[in-house]
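# Make a model of this:
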Amino acid sequence: MIDLVTILGPTASGKTSLAVALAYRLDSEIISADSRQLYRRMDIGTGKDLNEYQFNGRNIPYHLIDICEPGYKYNLFEYLQDFRSVYDDISSRGKLPVLCGGTGLYIESVLKGYSLPPVPENKALRESLKDKSLSELEDILKRYKKLHNTTDTDTCKRAIRAIEIEEYYSCHLPDKPEDKPVNNALIIGVDISRELRRERISQRLRSRLDEGMVEEVRTLLNSGIAPEDLIYYGLEYKYLTEYVIGRLSYGEMVSLLEIAIHQFAKRQMTWFRGMERRGFDIYWLDVLLPIEEKLDLIQSKIKKMNEQL
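Numbering: from 1, shown residues only. Alright, predicted model coming up:
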(Lines give C-alpha, C1' and ligand atoms only; values in the text may rest on other atoms or scores of the structure.)
Protein backbone atom coordinates (compact mmCIF):
# COMPACT_ATOMS: atom_id res chain seq x y z
CA MET A 1 0.00 0.00 0.00
CA ILE A 2 1.21 3.53 -0.69
CA ASP A 3 1.85 5.46 2.49
CA LEU A 4 2.03 9.07 1.26
CA VAL A 5 0.69 11.24 -1.55
CA THR A 6 2.93 14.20 -2.36
CA ILE A 7 1.71 17.19 -4.35
CA LEU A 8 4.45 19.50 -5.58
CA GLY A 9 4.84 22.30 -8.08
CA PRO A 10 6.12 25.84 -8.46
CA THR A 11 4.62 28.83 -6.71
CA ALA A 12 1.20 29.94 -8.04
CA SER A 13 0.46 26.54 -9.60
CA GLY A 14 -2.56 25.74 -7.42
CA LYS A 15 -0.96 23.00 -5.29
CA THR A 16 -2.90 23.83 -2.15
CA SER A 17 -6.35 23.77 -3.73
CA LEU A 18 -5.60 20.38 -5.31
CA ALA A 19 -4.25 18.98 -2.03
CA VAL A 20 -7.32 20.21 -0.14
CA ALA A 21 -9.71 18.64 -2.64
CA LEU A 22 -7.76 15.38 -2.55
CA ALA A 23 -7.66 15.32 1.25
CA TYR A 24 -11.43 15.84 1.27
CA ARG A 25 -11.99 12.94 -1.11
CA LEU A 26 -9.60 10.66 0.80
CA ASP A 27 -10.85 11.86 4.21
CA SER A 28 -7.26 12.73 5.04
CA GLU A 29 -5.04 15.55 6.31
CA ILE A 30 -2.37 17.79 4.79
CA ILE A 31 1.24 18.16 5.88
CA SER A 32 2.83 21.36 4.61
CA ALA A 33 6.24 21.32 2.92
CA ASP A 34 6.74 25.07 2.78
CA SER A 35 9.74 26.59 4.56
CA ARG A 36 8.07 29.98 5.09
CA GLN A 37 4.52 29.06 6.03
CA LEU A 38 5.93 27.67 9.28
CA TYR A 39 5.97 31.19 10.72
CA ARG A 40 3.08 32.81 12.55
CA ARG A 41 1.84 36.24 11.41
CA MET A 42 3.73 35.89 8.13
CA ASP A 43 0.51 35.19 6.26
CA ILE A 44 0.06 37.29 3.12
CA GLY A 45 3.72 37.23 2.12
CA THR A 46 3.98 33.45 2.40
CA GLY A 47 0.67 32.85 0.63
CA LYS A 48 -0.85 30.72 3.38
CA ASP A 49 -4.39 31.31 2.11
CA LEU A 50 -5.76 29.38 5.09
CA ASN A 51 -9.29 29.99 3.82
CA GLU A 52 -8.47 27.47 1.09
CA TYR A 53 -8.33 24.62 3.61
CA GLN A 54 -12.06 24.07 3.28
CA PHE A 55 -13.91 21.99 0.73
CA ASN A 56 -17.65 21.47 0.38
CA GLY A 57 -18.21 23.03 3.76
CA ARG A 58 -15.67 20.83 5.58
CA ASN A 59 -12.48 22.14 7.17
CA ILE A 60 -9.46 20.10 6.08
CA PRO A 61 -6.88 19.60 8.85
CA TYR A 62 -3.40 20.93 8.06
CA HIS A 63 -0.07 20.58 9.85
CA LEU A 64 3.34 22.34 10.05
CA ILE A 65 1.87 25.77 9.38
CA ASP A 66 2.08 28.53 12.02
CA ILE A 67 4.39 26.58 14.34
CA CYS A 68 7.25 29.12 14.84
CA GLU A 69 7.63 32.76 15.75
CA PRO A 70 9.11 35.11 13.12
CA GLY A 71 12.83 35.59 13.63
CA TYR A 72 13.40 31.93 14.52
CA LYS A 73 15.75 30.02 12.20
CA TYR A 74 13.86 26.77 11.64
CA ASN A 75 15.93 24.13 9.84
CA LEU A 76 15.71 20.86 7.94
CA PHE A 77 16.60 18.78 10.98
CA GLU A 78 13.60 20.19 12.85
CA TYR A 79 11.35 19.75 9.85
CA LEU A 80 12.18 16.06 9.51
CA GLN A 81 11.48 15.55 13.20
CA ASP A 82 8.19 17.42 13.03
CA PHE A 83 7.17 15.68 9.82
CA ARG A 84 7.78 12.28 11.37
CA SER A 85 5.66 13.11 14.40
CA VAL A 86 2.73 14.39 12.33
CA TYR A 87 3.02 11.64 9.73
CA ASP A 88 2.98 8.89 12.36
CA ASP A 89 -0.06 10.44 14.03
CA ILE A 90 -2.08 10.69 10.80
CA SER A 91 -1.09 7.20 9.69
CA SER A 92 -1.95 5.71 13.09
CA ARG A 93 -5.51 6.88 12.56
CA GLY A 94 -5.78 4.93 9.32
CA LYS A 95 -5.49 7.96 7.02
CA LEU A 96 -3.26 8.48 3.97
CA PRO A 97 -1.25 11.69 4.59
CA VAL A 98 -1.03 14.30 1.82
CA LEU A 99 2.28 16.20 1.70
CA CYS A 100 1.96 19.49 -0.18
CA GLY A 101 4.44 22.26 -0.87
CA GLY A 102 7.13 23.78 -3.01
CA THR A 103 10.24 23.44 -0.83
CA GLY A 104 12.07 20.76 -2.76
CA LEU A 105 14.66 20.13 -0.05
CA TYR A 106 11.98 19.27 2.49
CA ILE A 107 10.09 17.02 0.08
CA GLU A 108 13.11 15.14 -1.21
CA SER A 109 14.54 14.66 2.27
CA VAL A 110 11.25 13.17 3.47
CA LEU A 111 11.00 10.85 0.47
CA LYS A 112 14.60 9.69 0.83
CA GLY A 113 14.14 9.12 4.54
CA TYR A 114 17.08 11.24 5.66
CA SER A 115 17.88 11.42 9.36
CA LEU A 116 19.94 14.53 9.99
CA PRO A 117 21.78 15.62 13.11
CA PRO A 118 21.43 19.32 13.99
CA VAL A 119 24.10 21.54 12.42
CA PRO A 120 26.00 23.70 14.92
CA GLU A 121 27.12 27.24 14.17
CA ASN A 122 30.58 27.46 12.59
CA LYS A 123 31.83 30.89 13.64
CA ALA A 124 35.14 30.62 11.80
CA LEU A 125 33.40 29.72 8.54
CA ARG A 126 30.88 32.53 8.94
CA GLU A 127 33.68 35.01 9.55
CA SER A 128 35.48 33.89 6.40
CA LEU A 129 32.33 34.35 4.30
CA LYS A 130 30.85 37.52 5.77
CA ASP A 131 32.29 39.92 3.15
CA LYS A 132 31.43 37.85 0.07
CA SER A 133 28.65 38.82 -2.33
CA LEU A 134 25.58 36.67 -2.92
CA SER A 135 26.87 35.54 -6.32
CA GLU A 136 30.22 34.53 -4.77
CA LEU A 137 28.41 32.58 -2.05
CA GLU A 138 26.25 30.83 -4.64
CA ASP A 139 29.40 29.82 -6.54
CA ILE A 140 30.82 28.30 -3.35
CA LEU A 141 27.56 26.46 -2.71
CA LYS A 142 27.65 24.92 -6.19
CA ARG A 143 30.89 23.11 -5.30
CA TYR A 144 29.03 20.85 -2.90
CA LYS A 145 27.41 17.72 -4.30
CA LYS A 146 24.87 17.11 -1.57
CA LEU A 147 21.39 18.45 -0.98
CA HIS A 148 21.14 22.16 -0.48
CA ASN A 149 18.04 24.27 -0.92
CA THR A 150 19.06 26.46 -3.85
CA THR A 151 15.48 27.73 -4.11
CA ASP A 152 15.87 29.53 -0.78
CA THR A 153 19.34 31.10 -0.98
CA ASP A 154 18.29 34.57 -2.07
CA THR A 155 20.04 36.46 0.74
CA CYS A 156 23.67 36.35 1.86
CA LYS A 157 22.62 35.21 5.32
CA ARG A 158 20.69 32.23 3.97
CA ALA A 159 23.49 31.35 1.54
CA ILE A 160 26.07 31.39 4.34
CA ARG A 161 23.85 29.13 6.43
CA ALA A 162 23.46 26.76 3.46
CA ILE A 163 27.26 26.60 3.04
CA GLU A 164 27.61 26.00 6.79
CA ILE A 165 25.18 23.08 6.54
CA GLU A 166 26.88 21.60 3.48
CA GLU A 167 30.32 21.90 5.07
CA TYR A 168 29.07 20.11 8.18
CA TYR A 169 27.47 17.29 6.21
CA SER A 170 30.58 16.89 4.08
CA CYS A 171 32.13 15.50 7.28
CA HIS A 172 28.96 14.14 8.92
CA LEU A 173 26.92 12.24 6.33
CA PRO A 174 23.14 12.05 6.82
CA ASP A 175 21.84 8.59 7.64
CA LYS A 176 18.86 6.71 6.33
CA PRO A 177 17.04 5.47 9.41
CA GLU A 178 16.24 1.78 9.65
CA ASP A 179 12.58 2.63 10.19
CA LYS A 180 12.27 4.91 7.18
CA PRO A 181 8.78 6.44 7.54
CA VAL A 182 7.83 6.66 3.85
CA ASN A 183 8.40 3.62 1.66
CA ASN A 184 5.83 3.92 -1.13
CA ALA A 185 4.91 7.45 -2.14
CA LEU A 186 2.87 8.70 -5.06
CA ILE A 187 4.32 12.00 -6.26
CA ILE A 188 1.96 14.32 -8.13
CA GLY A 189 3.36 17.36 -9.94
CA VAL A 190 1.22 20.30 -11.04
CA ASP A 191 2.28 21.04 -14.61
CA ILE A 192 1.88 24.71 -15.52
CA SER A 193 3.29 26.46 -18.58
CA ARG A 194 5.92 29.12 -18.10
CA GLU A 195 3.63 31.77 -19.59
CA LEU A 196 0.67 30.97 -17.34
CA ARG A 197 2.94 30.67 -14.32
CA ARG A 198 4.39 34.12 -14.95
CA GLU A 199 0.93 35.58 -15.47
CA ARG A 200 -0.36 34.10 -12.21
CA ILE A 201 2.69 35.23 -10.24
CA SER A 202 2.32 38.82 -11.43
CA GLN A 203 -1.42 38.87 -10.73
CA ARG A 204 -0.99 37.33 -7.31
CA LEU A 205 1.73 39.77 -6.31
CA ARG A 206 -0.51 42.73 -7.05
CA SER A 207 -3.42 41.12 -5.22
CA ARG A 208 -1.32 40.54 -2.14
CA LEU A 209 -0.06 44.10 -2.16
CA ASP A 210 -3.71 45.23 -2.30
CA GLU A 211 -4.53 42.86 0.59
CA GLY A 212 -2.05 44.60 2.87
CA MET A 213 1.26 42.79 2.47
CA VAL A 214 3.23 46.00 3.15
CA GLU A 215 1.27 46.59 6.33
CA GLU A 216 1.91 42.98 7.40
CA VAL A 217 5.66 43.56 7.18
CA ARG A 218 5.39 46.92 8.91
CA THR A 219 3.44 45.29 11.76
CA LEU A 220 6.09 42.57 12.13
CA LEU A 221 8.84 45.18 12.31
CA ASN A 222 6.88 47.27 14.83
CA SER A 223 6.47 44.16 17.00
CA GLY A 224 10.23 44.14 17.55
CA ILE A 225 11.45 41.75 14.86
CA ALA A 226 14.78 42.98 13.48
CA PRO A 227 14.80 43.96 9.79
CA GLU A 228 17.69 41.58 9.08
CA ASP A 229 15.69 38.70 10.55
CA LEU A 230 12.84 39.36 8.10
CA ILE A 231 15.24 39.91 5.20
CA TYR A 232 16.69 36.47 6.01
CA TYR A 233 13.45 34.84 4.84
CA GLY A 234 13.91 36.25 1.35
CA LEU A 235 11.46 37.13 -1.43
CA GLU A 236 8.50 39.16 -0.13
CA TYR A 237 10.02 39.72 3.31
CA LYS A 238 13.36 40.78 1.89
CA TYR A 239 12.07 43.37 -0.56
CA LEU A 240 9.13 44.67 1.48
CA THR A 241 11.36 45.12 4.52
CA GLU A 242 13.89 47.04 2.44
CA TYR A 243 11.03 49.25 1.21
CA VAL A 244 9.61 49.84 4.70
CA ILE A 245 13.01 50.80 6.17
CA GLY A 246 13.73 53.12 3.25
CA ARG A 247 16.32 51.24 1.21
CA LEU A 248 14.03 50.90 -1.82
CA SER A 249 11.29 52.99 -3.38
CA TYR A 250 7.86 51.39 -3.79
CA GLY A 251 8.37 51.01 -7.54
CA GLU A 252 11.81 49.47 -7.09
CA MET A 253 10.44 47.06 -4.50
CA VAL A 254 7.60 45.84 -6.73
CA SER A 255 9.84 45.46 -9.78
CA LEU A 256 12.66 43.63 -7.97
CA LEU A 257 10.25 41.41 -6.03
CA GLU A 258 8.38 40.37 -9.16
CA ILE A 259 11.64 39.40 -10.87
CA ALA A 260 12.77 37.49 -7.76
CA ILE A 261 9.54 35.47 -7.55
CA HIS A 262 9.79 34.50 -11.22
CA GLN A 263 13.39 33.39 -10.63
CA PHE A 264 12.31 31.47 -7.53
CA ALA A 265 9.64 29.57 -9.49
CA LYS A 266 12.22 28.69 -12.13
CA ARG A 267 14.57 27.33 -9.44
CA GLN A 268 11.72 25.27 -7.99
CA MET A 269 11.10 23.62 -11.35
CA THR A 270 14.84 22.99 -11.76
CA TRP A 271 14.80 21.19 -8.41
CA PHE A 272 11.78 19.04 -9.33
CA ARG A 273 13.29 18.08 -12.68
CA GLY A 274 16.46 17.21 -10.79
CA MET A 275 14.43 14.92 -8.55
CA GLU A 276 13.33 13.03 -11.67
CA ARG A 277 16.96 12.65 -12.73
CA ARG A 278 17.72 11.37 -9.25
CA GLY A 279 15.21 8.56 -9.68
CA PHE A 280 11.88 9.94 -8.48
CA ASP A 281 8.81 9.26 -10.63
CA ILE A 282 6.63 12.37 -10.74
CA TYR A 283 3.14 12.01 -12.21
CA TRP A 284 2.49 15.40 -13.81
CA LEU A 285 -1.06 16.72 -14.16
CA ASP A 286 -1.99 19.66 -16.37
CA VAL A 287 -2.99 22.60 -14.18
CA LEU A 288 -5.88 23.38 -16.55
CA LEU A 289 -7.62 20.03 -16.08
CA PRO A 290 -10.91 20.28 -14.14
CA ILE A 291 -10.43 19.50 -10.46
CA GLU A 292 -12.68 16.42 -10.53
CA GLU A 293 -10.70 14.99 -13.45
CA LYS A 294 -7.44 15.54 -11.56
CA LEU A 295 -8.85 13.79 -8.51
CA ASP A 296 -10.09 10.85 -10.59
CA LEU A 297 -6.65 10.47 -12.19
CA ILE A 298 -4.91 10.58 -8.80
CA GLN A 299 -7.26 8.01 -7.28
CA SER A 300 -6.82 5.77 -10.30
CA LYS A 301 -3.04 6.05 -9.87
CA ILE A 302 -3.33 5.21 -6.16
CA LYS A 303 -5.40 2.13 -6.96
CA LYS A 304 -2.96 0.99 -9.63
CA MET A 305 0.06 1.44 -7.37
CA ASN A 306 -1.62 -0.43 -4.53
CA GLU A 307 -2.37 -3.34 -6.85
CA GLN A 308 1.29 -3.50 -7.87
CA LEU A 309 2.66 -3.42 -4.31
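
# Tally up the residues packed near the closest residue in space to residue 220 that isn't next to it in sequence, please.
Spatial nearest neighbour of residue 220, excluding adjacent residues (C-beta to C-beta, 6 or more residues apart in numbering): residue 70 at 5.7 Å. From N, CA and C alone the C-beta is placed, and that goes for glycine too. Applying other C-beta atoms under 10 Å, we find 20 residues neighbouring residue 70.

# got a list of contacts for the longest strand along the chain?
Identified as the longest strand of the chain according to DSSP state E is strand 185-191. Contacts to strand 185-191, defined as C-beta atoms under 8 Å, 6 or more residues apart in numbering, come from residues 2-10, 13-15, 18, 99, 111, 272, 280-287, 298, 301-302, 305.

# what pLDDT, on average, does that strand get?
For strand 185-191, mean pLDDT rounds to 98.

# next one: stretch 225-235
93.

# And it, end to end?
17 Å (C-alpha to C-alpha, to the nearest Å).

# Show me what it is in contact with.
Residues contacting stretch 225-235 (C-beta under 8 Å, 6+ apart): 36, 39, 42, 45, 70-71, 73, 152, 154-155, 157-158, 217, 220-221, 237-238, 241-242, 245, 257, 260-261, 264.

# Pull out the buried residues from the residues you listed.
By neighbour count, with 16 or more other C-beta atoms under 10 Å, the contacts of stretch 225-235 hold 36, 39, 42, 45, 70-71, 152, 154-155, 157-158, 217, 220-221, 237-238, 241-242, 257, 260-261, 264 as buried.

# Any idea how far apart the tips of stretch 56-74 sit?
Using C-alpha to C-alpha, the two ends of stretch 56-74 sit 34 Å apart.

# Return the distance of that stretch from the chain's centre.
13 Å (C-alpha atoms, centre = their mean, to the nearest Å).

# Could you list the buried residues of that stretch?
So for stretch 56-74, counting by 16+ other C-beta under 10 Å, buried means 60, 62-67, 70-71, 74.

# any idea of the mean pLDDT in it?
pLDDT averaged over stretch 56-74 gives 94.

# Residues touching that stretch, excluding its own?
20, 23-24, 29-35, 37-42, 48, 50, 53-54, 79, 82-83, 86, 90, 161, 220, 225-226, 229-230, 232.
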